[in-house]
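Q: Can you look at this prediction? I've put the sequence above it.
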Amino acid sequence: MSNYVGAIDQGTTSTRFIIFDHAGKIISQAQKEHRQIYPQPGWVEHDPLEILNNSNEVVGAALARANLSGSDLRAVGITNQRETTVLWDRHSAEPLAPAIVWMDTRTDQLMRRFLQKREHSWFREKTGLPLTTYFSALKLLWLLENVPGARRKAEQGDALFGNINTWLAWNLTGGKDGGLHITDVSNASRTLLMDLQRCSWDEELLAEFGIPAACLPQIVSSGEVYGEIRSAPLRGTVLAGMLGDQQAALVGQTCFAPGEAKNTYGTGCFLLMNTGMEAVHSKAGLLSTVAYRFGDEPTHYALEGSIAIAGALVQWLRDNLHFFDLAEQIEALARSVPDNGDVYLVPAFAGLYAPYWREDARGVIAGLTRFATKAHVARAALEATAYQVRDVVEAMELDSGIRLRALRSDGGMVVNELLMQFQADMLAVPVQRPRIVETTALGSAYAAGLATGLWQSTEDLRANWGVDHVWKPQMEESDRARLVHSWKKAVERSFAWVEGN
């Protein structure tokens, strides 16, 4: 049988298809960006058909580069941007509206409506999540209330809900001609509709939100053979893995033991710590979530700190303020000054996520003087990511009682040496970059490969992991304390900008 496995990595800004071998090495890959649609302030949308077409295009390109066909792959896994919500017609296969992206905040009024009746603790107890605009339930409800005919179709089972993984899986396995309507436990745990302990849709939550059960996908494990892929160019193989992108990175970094943690530096930043087969309910502003479930094995859980804006801040400096032409140019600009010049940038563009959960916060640049230049602002932007990760690590250590010994890092920003060194300085622990940095795609490939026998156990996967580079702390504690103190002052300045929350 084939020793190759493929992974569709559908992210917030682009879609990739990567083919891995048994050693976890990349054989071939292709990538294509999709449009970011901003129809109103606070609204962020994607075109589900564009994402589907891009997925088929990059799959075809990667297979062609490796001179392979779909039947040459042992299996395919999917990893995806989580929470982003799609509602489509079962019979026409057409989306009923654009996808509402995870960072979209149009549901803030809906959130306040429900918080008048329920405390955050009520939702956390069932789902491990607070009620915020972040998760899928309110996005789905907004579509049901604002798209003509959507509720009627959903109640009759003629409209199907899913995150991007579900949308892709349905199309890959037949679409309107019998496609599988499924989602895995890791993605389901991000909807605010799943009981975290039972890993099933919660009837009380469905009633609370007014969500028809008929539109919901079947919840499956993160690694099992779901069915044959019936669409070109992957026809001839099976779909066998599915993980939300951050859980996939946890698997790709082989964080299978309680206390092992990784941080993904992407559009946002997401730090996950494996807590084993016990869901640890946070008291410090973190999320309790499903990490993965392979086949019939027990469900594994994680604590998560979600940061909305990381790489997106670099994109903002590039696209909105025109500081540079290419995102990678930020490092040279930031290095052109010896420090941040006492400038701090809090990227609360859509509020602050973990550990603050302040919907009323908005972005601020603090500490400006006539001395400040765009280089200082660029350096402050990179440092903002490291400060936010430090805030999450502090909360995670408080919740878990485990002191972080090292941080495994991945994502597009790990090539930025200045950021990685500053991160190590802020955490006062080593930051490790693995040999294979495409850990999100690798995690879904691992799930598919485990389900089809390419790898026999998670210990086989550990054998593939290795360190490419380690950044060790170099900063004096007094300097670290001074910088963190100023950062926290800047964060406080961002609070309560939006009145009425």
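A: Okay, I see it. Residues are numbered from 1 along each chain as shown.
Q: check contacts around the nearest residue to A366 once chain neighbours are set aside.
A: Excluding its sequence neighbours, the residue lying closest to A366 (Cβ to Cβ, 6 or more residues apart in numbering) is A490, at 4.1 Å. Where you see a C-beta, it was placed from the backbone N, CA and C, and this is true even at glycine. Neighbouring residues of A490 by Cβ atoms under 8 Å, 6 or more residues apart in numbering: 344-346, 364, 366-367.
Q: pLDDT wise, what is A490 at?
A: Note for A490: predicted pLDDT of 97.
Q: Helix or strand for it, just tell me which one.
A: Assigned by DSSP states H and E, A490 belongs to helix 477-494.
Q: Likewise for S55?
A: Going by DSSP H and E, S55 is part of helix 48-65.
Q: going on from that helix, what's the next piece of helix or strand?
A: Using DSSP H and E, the helix or strand that follows helix 48-65 in sequence is strand 75-80.
Q: Taking helix 48-65 as reference, get the angle to that next one.
A: 140 degrees (axes from the mean of the first three to the mean of the last three Cα atoms, to 10 degrees).
Q: Can you list the residue ranges for helices in the stretch 1-150 of the chain?
A: Here the stretch 1-150 of the chain has its helices, by DSSP state H, counting those that start in this stretch, at 48-65, 108-115, 120-127, 136-146, 150-155.
Q: how far is the shortest one from where the chain is centred?
A: The chain centre lies 28 Å from the centre of helix 150-155; the measure is Cα atoms, centre = their mean, to the nearest Å.
Q: mind starting the numbering at 43 from now?
A: Noted, 43 is the first residue going forward, which turns the last one into helix 192-197.
Q: List the buried residues in it.
A: Judged by neighbour count using 16 or more other Cβ atoms under 10 Å, the buried positions of helix 192-197 are 192-193, 195-196.
Q: now for the longest helix anywhere in the chain, which elements pack on it?
A: Looking across the chain with DSSP state H, the single longest helix is helix 416-442. Under the contact definition 3 or more Cβ pairs under 8 Å, 6 or more residues apart in numbering; DSSP states H and E, helix 416-442 sits against strand 303-307, strand 311-318, strand 342-349, helix 353-361, helix 372-377, strand 386-388, helix 459-469, helix 519-536.
Q: what's the distance between the fifth one and the middle of its chain?
A: From the chain centre to the centre of helix 372-377 is a distance of 26 Å (Cα atoms, centre = their mean).
Q: List the contacts of that helix.
A: 356, 359-360, 365-366, 416-417, 420-421, 423-424, 458-461.
Q: now with 6 Å?
A: 356, 417, 420-421, 424, 458, 460 (Cβ atoms under 6 Å, 6 or more residues apart in numbering).
Q: Using CSV, write down the CA coordinates of it.
A: Provided in CSV are the C-alpha atoms of helix 372-377 (Å, rounded to 0.1, in the frame of the first residue of the first chain):
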residue,chain,number,x,y,z
ILE,A,372,8.8,43.7,8.9
GLU,A,373,11.7,42.0,10.6
ALA,A,374,14.3,44.2,8.9
LEU,A,375,12.3,47.3,9.7
ALA,A,376,11.9,46.3,13.3
ARG,A,377,15.6,45.5,13.6
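Q: Quick one: mean pLDDT for it?
A: 97.
Q: Which one of the helices and strands packed on helix 416-442 lies nearest to S330?
A: strand 342-349 (6.4 Å; Cβ to Cβ).
Q: Show me what the closest one is in contact with.
A: By Cβ under 6 Å, 6+ apart, the surrounding residues in contact with strand 342-349 are 310-317, 321-322, 328-329, 331, 333-334, 395-396, 430, 434, 438, 441.
Q: returning to that earlier point: okay, the helices and strands packed on helix 416-442 in JSON lines with distance to A274 next?
A: As requested, those are exported to JSON lines (distance: least, Cβ to Cβ, whole Å):
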{"stretch": "strand 303-307", "distance to A274": "31"}
{"stretch": "strand 311-318", "distance to A274": "33"}
{"stretch": "strand 342-349", "distance to A274": "35"}
{"stretch": "helix 353-361", "distance to A274": "33"}
{"stretch": "helix 372-377", "distance to A274": "40"}
{"stretch": "strand 386-388", "distance to A274": "46"}
{"stretch": "helix 459-469", "distance to A274": "41"}
{"stretch": "helix 519-536", "distance to A274": "49"}
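Q: Skipping adjacent residues, who's closest to N207 in space?
A: N122 (4.2 Å).
Q: Pull the number of nearby residues for that neighbour.
A: Residues within reach of N122, counting by other Cβ atoms under 10 Å, total 32.
Q: now swap in L461 and tell me
A: Applying other Cβ under 10 Å, I find that L461 has 28 neighbouring residues.
Q: Any stretches of this structure with poor pLDDT?
A: 43, 542-543 (pLDDT under 70).
Q: one step back: among the helices and strands packed on helix 416-442, which is nearest W513?
A: Judged by Cβ to Cβ, the one of the helices and strands packed on helix 416-442 that comes nearest to W513 is helix 459-469, at 4.1 Å.
Q: C-terminal to that closest one, which secondary structure element comes first?
A: Assigned by DSSP H and E, the successor of helix 459-469 is strand 473-476.
Q: And that next one, what does it pack against?
A: Helices and strands touching strand 473-476, as assessed by 3 or more Cβ pairs under 6 Å, 6 or more residues apart in numbering; DSSP states H and E, comprise strand 449-452, helix 459-469, strand 509-513.
Q: Can you list the strands that that strand pairs with?
A: strand 449-452 (parallel), strand 509-513 (antiparallel) (DSSP bridges).
Q: Of the ones you listed, flag the one that's most buried.
A: Sort the strands paired with strand 473-476 by mean neighbour count, taking mean count of other Cβ atoms under 10 Å, and strand 449-452 sits at the top with a mean of 24.
Q: Now do that strand: everything it contacts.
A: Outside strand 449-452, the residues touching it (Cβ under 6 Å, 6+ apart) are 291, 295, 304-306, 473-475, 479, 481.
Q: Count the neighbours of P340 for me.
A: Neighbours of P340 (other Cβ under 10 Å): 9.
Q: Please read the previous query as pertaining to D381.
A: 12.
Q: same question, the one 3 residues further on
A: Around D384 there are 15 other residues, counting by other Cβ under 10 Å.
Q: That one: what's it in contact with?
A: G409.
Q: what's the helix or strand for it?
A: Here D384 is assigned to no helix or strand, by DSSP H and E.
Q: Just put the helices and strands packed on strand 473-476 in a markdown table and tack on distance to E519.
A: Converted to a markdown table, the helices and strands packed on strand 473-476 look like this (distance: least, Cβ to Cβ, whole Å):
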| stretch | distance to E519 |
| --- | --- |
| strand 449-452 | 18 |
| helix 459-469 | 10 |
| strand 509-513 | 17 |
